[in-house]
Structures are given as C-alpha cells and as structure tokens.
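Engineer: Just to be clear, the model below is a prediction. Sequence and coordinates:
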Amino acid sequence: MKKENKTVRFLLDNNTYIIFLALFLICCLMSDKFFSYLNLRNILLQQAGPILVAIGMLMVILTGGIDLSVGSVMAVGSSLAAVMMRDAGIPWGLSILIAVLCGLILGTFTGILVAYLNFQGFVASLAVMTIARGIAYTITNATPVSLKNGTLNSLTSKEFGYPIIWITMAIIIIFIIVEKYTAYGRIVVAVGSNTEAVKLSGIRVKRYILSVYVISSVLATLAGVFVAARSNVGNSTIGEGQELDAIAACVIGGASLAGGKGSIAKTVIGALTLALIGNIMNLLSVPAYPQRIIKGFIIIIAVLLQVVTDKSEN
Amino acid sequence: MENSKYRLEMKEISKQFGGIRALDRVSIQLKPGEIHALIGENGAGKSTLIKILSGAYTKDSGTIYIDGEEVTVTSPLDAKRKGVAVIYQEFMLAPDLTVAENIFIDKLAEKGKLINWKKLNEEAGEKLKELGFGNISPKEKLGRLSVAHQQIVEICKCLTRNARILILDEPTAVLTVAEIEKLFRLIRKLKSEGVSIIFVSHHMNEIFELCDSYTVFKDGRYAGHGRVCDVTNNELIHMMIGRELTQMYPSRNAKIGDVVLKVENLSVANKVENVSFEVRAGEILGFSGLVGSGRTETMLAIFGADKIASGKVTFLGKEVCFREPREAVSSGFGYLSENRKSLGLLINQSIRVNTTLSSLKKITKHGFLRHKQEKEYVRDLLSKMSTKYGSIENNVSSLSGGNQQKISFAKWISADCRCVVFDEPTRGVDVGAKVEIYELMNHLAEQGVAVIMISSEMTEIIGMCDRTMIMHQGRVTGELGKEYLSEDTIIKYAMGQEE
C-alpha cells in the first residue's frame, strides 16, 4: 500500500519528464524522419530562443508576476542587432551587446513599474509589450533587415559548432544553479509565495521583483538575436504570441501562476514538449491551423495533470 | 427512535490520513439547545471531526445521526441542507460585497427574477436586528466592518439557512473583551431558540462561562466527556494533555541589563499618538489593550513597515529610523506577526526555507546556499525547540498551529536579534504548545534579548511580563510593573482610563 503510494508520488512529481519521454517515443513511432540527427538538431536550434524566453518567464512567474512583453522585446532584440550591423556598421558582437542592453533597459522599466509603482505585472508588461513592438517597427520601418552571410548567422553555423545551442545550455545550467543553490533563487520563490511575509522577514522585496523583469527582458532580446541569427534577417514581426508559449512551457513544467512554485529544468522540458508537438505535426503534414487546436488541448491536459498532482499533495 | 433525544450523535467515527490515524473511534452527542465544548490540543482531531460533520472530509467508519436519523454527509452543501453550519476562524465571506449580499449570497433573487435590492436589504436588516445587531448596516461593504461584526454576519448567514447545528471554531480568537460578551449573549439567545452549538476554544474560562457539556479529545481519541458543572479546570487540562500542568509560566530569572530600545513620543498618522516606552536586555515588556488599540501599529512603525510621523527611536544607543523592515532586521530588531498565515510564514514552502528566511546570511557563502549546513542547522534548532514535524522538507502547512508558531520563532531566533516583538505569540495555539512558547520567550530573555510581547490575553501578560504598557485608541494609558498587574487594572486602562 505504502510502496504503491510512493510510486504514484514519483510519477506525479515527475509527470513533466514522463510526458516528454512518452511524447518523444510516440514521435519516434509516428514518423521515421523524427529521430534523425538533422531533425533533432533543427529542433534544438529552433528552440534555443523560446527556451530562453520561457526561463525568463518562469523567473517572473515565480515571484507571482507575469511578463507579456517578451515577444515584442524579442523583436526589439532581433531588429536592433540587425540594424546596428547593417546600417551603423557595428561589428556583430557589439551589436548583440547593444541589443541585450536595450532589453535590460526595457526590463528595468517594466520592473520599476511593477516593483516601485505598484503596477500589476500583467498591466505593466502589456504596456511595455506595445511600446517594444513600436520600437521594433520604428527602427526597422517594419521591413526585414537582411544581413550579409558570415556575420550573425555564424551563431547557428556548423563550422563553429552551433554556438547558440551551447550558449542556451550554459544559460539553462546557470539558472538551475541559481534556482537551487543561491540565496537569490530562494528569495525569488519566497517572494511569490508570500510577498508581505518576505518583506517582514527583512528582505528587500522590491529589488527582487525588479530583477526578474530585467532577467526576462534580457533573455528575450537574446532570444530575438538567436532568431535573427537563424534566418540572418532582423525582423520586427517575430515573437508574436511567444509570451503565451512561454507561459504554457512554465505551466506544463508545473509552475503555478500564483507564484512560489516552478522549476527551471521542468520549464525547459515544457518548452521542448511544445516543440515536439509542433515538430511531429509538421512531419505528419498537419496543417498549421488545426495544429493550434491540438496544441491548446495538450496544454489543458498538462494543466489537469498538475491539478491532480497538487490535490494528491494535500 | 431512542436516539431522538439527541440533535446530533456521532458514533465511533474514525478517519485516517496516510499513515496517521487522525480520529480513532470517537463519539460525541449533542442535545437540542445545548452548548457543547469540544476540547483538545491542536492536532487532537477536533478540526477533523468538524470537517467530517460539515462534509469537507468523508469518514472512514462510524455513523452520524441527526435527530435520531442516520445520515451520510456527502459534501459541504449537503451538510448545509441538513442544517449543519460551521463558522471557521477564517470567514468564508466576500469582503467587497455588502453585508446583505453576503448573507443572501446563494439566493439573491428568486429563480428567473431580477434582484429586488430594497427587499434584500430590508430582510438582511431584519435578520441582523433579530440577532441584536441592528446597528450593522446591510448596505455596508463587509470588509469595512470590524472582525467581530463580520463574524456576526457569518452567523447570520448560517441562520438564514435554518442551521440547527452551529459549530463555532475558536470564535473568540480575534475578538475583544466587549465583543466576546456580545457574541456570548448571541450564542445564549440561539441556544434558547433550540439551536445546538458546538463550541471550540482554547480558553478554559470561556468554556466554563458558556458551555453546558464537553467532550475532550486527545491524539485523535476520546479522552472524556460530561457536564461542565461537574468538572474543574485542572481536570479538563489533565484530560487534554494527559498530565498535570504544574506550571503554566516559567520562572523568570533573566538578568535585566541596559536599555536596548527607547521610543519617545512616537506618532503614526491616524493610528498612534505620542507613545513612549523603553525595554531593557533580558526584560519581557508586555503590550496590552484591546484589539485595534494601536499596539501592532506602534511596533510596525518602529520596524519600518509603516511610516513614523514624528518621534524618536533609539536602538542599542543609536538614534535610528528604519525605513524598511530590512534595515530593522539587519540591525537586530525582529517582529513576529500576529497574522501567522498571511504575514508570518510562507505556508506553502518547506519548514527549512521558512526557518532560515531571515538569516540566509548564516547559510550562504558568496551568495551560494550551503544546503548541508542549512539542514543540520535547522534540524538542530528545531529539536532544541521540541518541534514536532515529519521532515524539514515538508510544507509548514502540514504542521499544527503550535508547531507552525515554533517555526516562526525559529526564524527570529536564527536572525540573532537583540530585540524581538512577539505579536500575539500564542494565538490559535493549544495549552501544551503555549507553555513551550513561554519557555522559548523566557529563554531568549535569559540570553539578554529584549522581548516585547503584544497580547490580548491578560493571563499571559500577568504571567510573563516584567512590565506592561497598556494602550487605548493609539495612546499609552498606563504602565504597570509586575507587582501591580491584575486583570482589573489592565481592563481599566485598556478601556481608556488614564493613569
């Protein structure tokens, strides 16, 4: 009886991983193109950006907030880096840095609204979402910015060993460490769990709230740069709806939108789960619109599983 | 038919959670128009029994009879239909709706009709008047009422649903002396109308004042029942904790040293006026007075959680003005909130996380947590405080009230404070755990910490404090040394009479 409970507990606790593995196996069975080096590599290259955005989103969600601006901020990152390189002739490394710096500024702006001016995260980031999209359109005139070969796209090229995959992995590892082994990570979760109690425990809550929005925006601009690197085009229209995918990844990974609960590793798996679903449907040539319907239902199933897990905890 | 002399009879009820037997074949009987005290320490199974009766839990075995008829309660809604109503410590009301809306929340209008606001408000007003609270306006937003009046609204809400069995779960915990009087009058009135009442309280004096009969639980088992007039206070406590409670309050031997905190003419806008006091190392300074008299507000302002309008605060010989709690905590001033669940603990985080929240510096090196050291530290500290818990990774919500409070204490003990304010430290805590909490406070004082205890319980103020400040409407109305402390004098000053 007791042993059975333990097994059930284990399965529920790790349902994110189990679903992912199951889905992975199903994908292998459904299409022989799925389990190939080329396809899997493409998934990773494609998902580097979304994974970063999901990580940033999770940090915000952990504090009990939400950042709707990430999609637009991605567009700013992509556009700005490309414009800097093409029109100002700035080397690609520096251009990326400037784009990321811009993300830092945007995130600080959102963070100040939320932490110091008591805006709700939803509202503040909604405003910044519009602002950021406007910035992206303005700097590119809403036209794609094509880049010369051998510049930004070397980030995704084989000869350099696909840098964006390694950068993404490094960032994932850094955030797993931050989450588990730093006082910072501990406090971020605590803030989402009960902001007032944390404040009364003698912790500068506002700084932590500000910081998560900065992290989210910085990672979003970097994700934008990654997307630009893959196509070698800076684009002000990318990232539409990316915030929803990021939130979905967090939720599939067991995060609670009320804050105080979530896991970096599981969120990454959540993002990859979404990616697998999209990938297998493409391989099976499911048209784009029904894909969305299926994706929506899969998110519902994932959330239902989380509800079951939470219930069994009580 | 022979059971029918009882309004409610619960027989041989058992309930198991995982490996823990929460209730082991307990029984309780309740006659019409009887006030029955349900007594036991936290975790004795009172809440579990109430939740079974109100349909929140299902029993594993046993039978329930209402008016002699065997019933199965399947859900809270079902319990309501059968005339069972529970008033929990945390009310189930909507603060942004009006009083009338709250009372009639599930029948605002007849089916298919629009709401008749005039009729709704009138009916609510009448109901309140019947209970003797005609002064509560049905149109007022619930959140703007005092806690006591909110409770009355909740009771009123239950009675409009023809509750025949009313369960009050520690109803007096948040009320002032005058409010308790009013509540008791209401309960007696309901009794005379034939409503049967189960009354849960940790206050023995209330049980003796109000109740007709009692049932005692200990560790999920039946430990005694009878008529209140046939039993003494000590006998009840003996049944509850299974041993004699020789000494409620520890002997106080702390050496009183230098002044740690000195407050002069402190004012907080609309809340506190010209409050002055000082507290010395090793001293326990009490703050007595009615709920809302400005005690908590005074301490929150010093702690940096509220703005000080004017006044001077000297802490450890230096003039300070903490702008945020962080400054206070890092200087060695701690504050344990009266509101354990919403302002004190992270209820959904682990015992470990909660214990070290105010002292993360102790267990971090260059910002990195040292898990092993943290675990050892937490286990060591909690065992010294004789806290009962499964694993330090369990959420604090899994603990009983007394043990949750010990985690709050552990948090502030870890923070190495020179002065700690304990705001209602024994609220919602059973007798056994109370004694342990008093010992912890005493122990802190013996180590040279200046302890401030805000309490509405006069007996613990008298039992624990070296000196007591009494507040009324934001001002200090009296200061009494240990030798002058008595319930009479405290009440006198608390009601506003000046020294």
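Structural biologist: Okay, I see it.
Engineer: So chain B: which segments form each domain?
Structural biologist: Listed by automatic domain parsing, the domain ranges of chain B are B:2-241, B:259-494.
Engineer: among those, which is nearest A:Gln306?
Structural biologist: domain B:259-494 (14.3 Å; Cβ to Cβ). Just so you know, the C-beta spots here come from the backbone N, C-alpha and C atoms, and that holds for glycine as well.
Engineer: give the contact list for B:Gly428.
Structural biologist: Shown in contact with B:Gly428 (Cβ atoms under 8 Å, 6 or more residues apart in numbering or on different chains): B:Asn42, B:Gln89, B:Glu170, B:Ala173, B:His202, B:Arg340, B:Gly401, B:Gln405.
Engineer: let's see 10 Å
Structural biologist: By Cβ atoms under 10 Å, 6 or more residues apart in numbering or on different chains, the contact list for B:Gly428 reads B:42, B:89, B:170, B:173-174, B:202, B:340-341, B:400-402, B:404-405.
Engineer: Closest approach to chain B from the stretch 151-300 of chain A, which residue is it?
Structural biologist: Proximity to chain B, evaluated over the stretch 151-300 of chain A using Cβ to the nearest Cβ, is greatest for A:Gly202 at 2.6 Å.
Engineer: and that residue, helix, strand or coil?
Structural biologist: Put simply, A:Gly202 is coil when judged by DSSP: H, G, I helix; E, B strand; the rest coil.
Engineer: where does it fall, phi/psi-wise?
Structural biologist: Backbone geometry at A:Gly202, expressed as degrees, to the nearest 10, gives phi 90, psi 40.
Engineer: Pull the number of nearby residues for it.
Structural biologist: Using other Cβ atoms under 10 Å in any protein chain shown, A:Gly202 is surrounded by 27 other residues.
Engineer: That one reaches B:Ser414, doesn't it?
Structural biologist: No - contact criterion Cβ atoms under 10 Å: A:Gly202 and B:Ser414 do not qualify, at 11.4 Å.
Engineer: Report the set of residues contacting both of the two.
Structural biologist: With Cβ under 10 Å, 6+ apart, A:Gly202 and B:Ser414 have common neighbours B:Gly334, B:Leu357, B:Ser358, B:Ser359, B:Leu360.
Engineer: Can you pull the phi/psi pair for the fourth one?
Structural biologist: In this case it means B:Ser359. Dihedral angles (degrees, to the nearest 10) for B:Ser359: phi -140, psi 40.
Engineer: neighbours around it, how many?
Structural biologist: 22.
Engineer: Quick check: nearest residue in space to B:Thr468, chain neighbours excluded?
Structural biologist: Among residues not flanking B:Thr468 along the chain, B:Gly286 sits closest, at 3.6 Å (Cβ to Cβ, 6 or more residues apart in numbering or on different chains).
Engineer: list the contacts for B:Tyr377?
Structural biologist: Contact analysis of B:Tyr377 by Cβ under 10 Å, 6+ apart lists B:Arg352, B:Thr355, B:Thr356, B:Ser359, B:Lys362, B:Ile363, B:Arg370, B:Ala410, B:Ser414.
Engineer: go on, B:Arg323?
Structural biologist: Taking Cβ under 10 Å, 6+ apart as the test, what B:Arg323 contacts is B:Gly304, B:Lys307, B:Ile308.
Engineer: Distance check, it against chain A.
Structural biologist: 11 Å (Cβ to the nearest Cβ, to the nearest Å).
Engineer: okay, residue 181: pLDDT?
Structural biologist: Since no chain was named, I'll use chain A. A:Tyr181 carries a pLDDT score of 94 in this model.
Engineer: wrong one, I was asking about chain B
Structural biologist: As predicted, B:Glu181 sits at a pLDDT of 86.
Engineer: which bits of the stretch 151-300 of chain A sit near chain B?
Structural biologist: With Cβ under 10 Å from any Cβ of the partner chain as the criterion, the stretch 151-300 of chain A meets chain B at residues A:177-178, A:180-187, A:189-207, A:256, A:258-261.
Engineer: which among the residues you listed end up buried?
Structural biologist: Among these, those buried by neighbour count (16 or more other Cβ atoms under 10 Å in any protein chain shown) are A:178, A:181-187, A:189-195, A:197-206, A:256, A:259-261.
Engineer: in what helix or strand does the residue of the stretch 251-400 of chain B found nearest chain A lie?
Structural biologist: Relative to chain A, the nearest point of the stretch 251-400 of chain B is B:Val329 (2.6 Å; Cβ to the nearest Cβ). Assigned by DSSP states H and E, B:Val329 falls within helix B:325-331.
Engineer: now B:Ser14
Structural biologist: According to DSSP H and E, B:Ser14 maps onto strand B:8-17.
Engineer: Would you mark the buried spots in that strand?
Structural biologist: Buried positions in strand B:8-17, judged by neighbour count with 16+ other Cβ under 10 Å: B:Leu8, B:Glu9, B:Met10, B:Lys11, B:Ile13, B:Ser14, B:Lys15.
Engineer: again with stretch B:471-484
Structural biologist: Under the neighbour-count criterion of 16+ other Cβ under 10 Å, stretch B:471-484 has B:Met471, B:His472, B:Gly474, B:Arg475, B:Val476, B:Thr477, B:Gly478, B:Leu480 buried.
Engineer: Distance from the chain centre to it, please.
Structural biologist: The chain centre lies 23 Å from the centre of stretch B:471-484; the measure is Cα atoms, centre = their mean, to the nearest Å.
Engineer: mind saving the C-alpha coords of stretch A:116-136 as PDB?
Structural biologist: Coordinates of the C-alpha atoms in stretch A:116-136 are reproduced here as PDB (Å, rounded to 0.1, in the frame of the first residue of the first chain):
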ATOM      1  CA  TYR A 116       8.100  50.600  -7.200                       C
ATOM      2  CA  LEU A 117       4.900  52.000  -8.700                       C
ATOM      3  CA  ASN A 118       2.700  49.000  -7.800                       C
ATOM      4  CA  PHE A 119       1.500  48.200 -11.200                       C
ATOM      5  CA  GLN A 120       0.300  44.700 -11.700                       C
ATOM      6  CA  GLY A 121       2.700  42.700 -13.800                       C
ATOM      7  CA  PHE A 122       0.100  41.900 -16.300                       C
ATOM      8  CA  VAL A 123      -0.700  45.600 -16.900                       C
ATOM      9  CA  ALA A 124       2.800  47.000 -16.900                       C
ATOM     10  CA  SER A 125       4.100  44.300 -19.300                       C
ATOM     11  CA  LEU A 126       1.100  44.800 -21.500                       C
ATOM     12  CA  ALA A 127       2.000  48.400 -21.900                       C
ATOM     13  CA  VAL A 128       5.700  47.600 -22.500                       C
ATOM     14  CA  MET A 129       4.600  44.900 -25.000                       C
ATOM     15  CA  THR A 130       3.000  47.700 -27.100                       C
ATOM     16  CA  ILE A 131       5.900  50.000 -26.600                       C
ATOM     17  CA  ALA A 132       8.500  47.400 -27.500                       C
ATOM     18  CA  ARG A 133       6.700  46.400 -30.600                       C
ATOM     19  CA  GLY A 134       6.500  50.000 -31.600                       C
ATOM     20  CA  ILE A 135      10.200  50.400 -31.100                       C
ATOM     21  CA  ALA A 136      10.900  47.400 -33.300                       C
END
